[in-house]
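**Q** Following is a predicted model, sequence given first.
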Amino acid sequence: MAFTDEVLDWVRASGIRQGLLTLHIRHTSASLLIQENADPEVRDDMERFMSRLVPDGDGIFRHTAEGADDMPSHVRSALTCTTLSIPVVEGAPALGTWQGIYVYEHRRGAQRRRVICHLLGE
Amino acid sequence: MAFTDEVLDWVRASGIRQGLLTLHIRHTSASLLIQENADPEVRDDMERFMSRLVPDGDGIFRHTAEGADDMPSHVRSALTCTTLSIPVVEGAPALGTWQGIYVYEHRRGAQRRRVICHLLGE
Amino acid sequence: MAFTDEVLDWVRASGIRQGLLTLHIRHTSASLLIQENADPEVRDDMERFMSRLVPDGDGIFRHTAEGADDMPSHVRSALTCTTLSIPVVEGAPALGTWQGIYVYEHRRGAQRRRVICHLLGE
């Protein structure tokens, strides 16, 4: 799920013009991802790839307390990112034209996720 | 190997209450990982997955000067993280309940590893 | 492509002795990578591995507007890093002896890439 606009709004509201934005997701079964923000097929393709690379119910996994998607979600989390740091230039994160910021959910069911946003600068 | 407690102690000893913690591992055959901190089977499953994904002795690798686990350790390092940035809130890194901080060793033999810890704040 | 020397020169020119360096690549089809800086075979092996893991023209991908390497480049970007944070100690990023900083290009054709470098410290 993209939350680029929420991040842009929050940085703008802070009044900070130059600095450093850090995002940290407080979970081990969801990630932060900077990805292509235009074509929704990119997310579908990404999901298809990750589902093939780390399949739910893979027989090598023993940590299955929360279901077939439990351990795969931890592996996907390790293969992507838990923290991101983005310079802030002229009041906005210095994202490229095609970059959006996403929470990448790895569990199948609906989850409530928390991301800590930290801003240094002036 | 988890070193969450060492990081927590170091941040606490600094007296800094709000800020930004950055960790950097000075190696290309070991990683930093934020992962599930409760069930040791998660680490075993992760290791089984990574050993299958990037097998020691894979015939496509030519950089084998230090052995069959040499190049796989570089690939695993690239697929995980060398640096992590975690906001500090009320004197502690803002980790989620289930998050621990690990040095993820990719070589088979015992290695001495160095992590640089950097703290900004007040 | 390594750009370690450019980063070292830029940090040195700033006069900052202790601080935090953050790098952010403004693209979703190229990554930042800290990797082994000595043997060029490491890069060749890495490329061979990534080409096998995320093959161009993979039939599961539908986002192919820019060619067979379009979606694979987004996936490789997600599996590596878009941002890096490296502590600065005594006027230089605290890289290990064998660590270099790379732009890891995932597209087949020549691309112009932009990396934002941000430095906090004194």
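**A** Okay, I see it.

**Q** From now on I want contacts and neighbour counts done on CA atoms only, so please keep to that.
**A** Will do.

**Q** For residue A:17, which residues are in contact?
**A** When contacts are counted by C-alpha atoms under 8 Å, 6 or more residues apart in numbering or on different chains, residue A:17 touches A:88, A:89, A:90, A:91, A:92, A:121, A:122.

**Q** Take the residues you listed and keep only those in helices.
**A** Using DSSP state H to define helices, no part of these is located there.

**Q** so whatever residue of chain A ends up closest to chain C, which of the three states?
**A** Closest approach between chain A and chain C, counting by C-alpha to the nearest C-alpha: residue A:96, at 4.3 Å. Following DSSP: H, G, I helix; E, B strand; the rest coil, residue A:96 is assigned to coil.

**Q** circling back: quick one: buried ones out of the contacts of residue A:17?
**A** A:88, A:89, A:91, A:92 (16 or more other C-alpha atoms under 10 Å in any protein chain shown).

**Q** Does at least one residue of stretch A:83-101 sit close to chain B?
**A** Yes - Stretch A:83-101 comes into contact with chain B (C-alpha under 8 Å from any C-alpha of the partner chain), by way of A:83, A:84, A:85.

**Q** what about that stretch, average pLDDT?
**A** For stretch A:83-101, the mean per-residue pLDDT is 98.

**Q** same deal with stretch A:39-57?
**A** In this model, stretch A:39-57 carries a mean pLDDT of 97.

**Q** Show me what the top helix by length along chain A is packed against.
**A** Longest helix of chain A, by residue count under DSSP H: helix A:40-53. Other elements packing on helix A:40-53 under the criterion 3 or more C-alpha pairs under 8 Å, 6 or more residues apart in numbering or on different chains; DSSP states H and E are helix C:70-79.

**Q** so what secondary structure elements neighbour the helix it packs on?
**A** So helix C:70-79, by 3+ C-alpha pairs under 8 Å, 6+ apart, packs with strand A:30-36, helix A:40-53, strand C:30-36.

**Q** Helix B:70-79 and that helix, what's the angle between them?
**A** 90 degrees (axes from the mean of the first three to the mean of the last three C-alpha atoms, to 10 degrees).

**Q** Report the inter-axis angle for helix C:70-79 versus helix C:40-53.
**A** Using the same axes, to 10 degrees: helix C:70-79 against helix C:40-53 is 120 degrees.

**Q** Going by neighbour count, list what's buried in helix C:70-79.
**A** For helix C:70-79, the neighbour count (16+ other C-alpha under 10 Å) marks C:70, C:71, C:72, C:73, C:74, C:75, C:76, C:77, C:78, C:79 as buried.

**Q** Pull the number of nearby residues for the closest residue in space to the fifth one that isn't next to it in sequence.
**A** When you say that, I think you mean residue C:74. Distance criterion C-alpha to C-alpha, 6 or more residues apart in numbering or on different chains; nearest residue to residue C:74, sequence neighbours excluded, is residue C:29 at 4.9 Å. When counting by other C-alpha atoms under 10 Å in any protein chain shown, one arrives at 25 neighbours for residue C:29.
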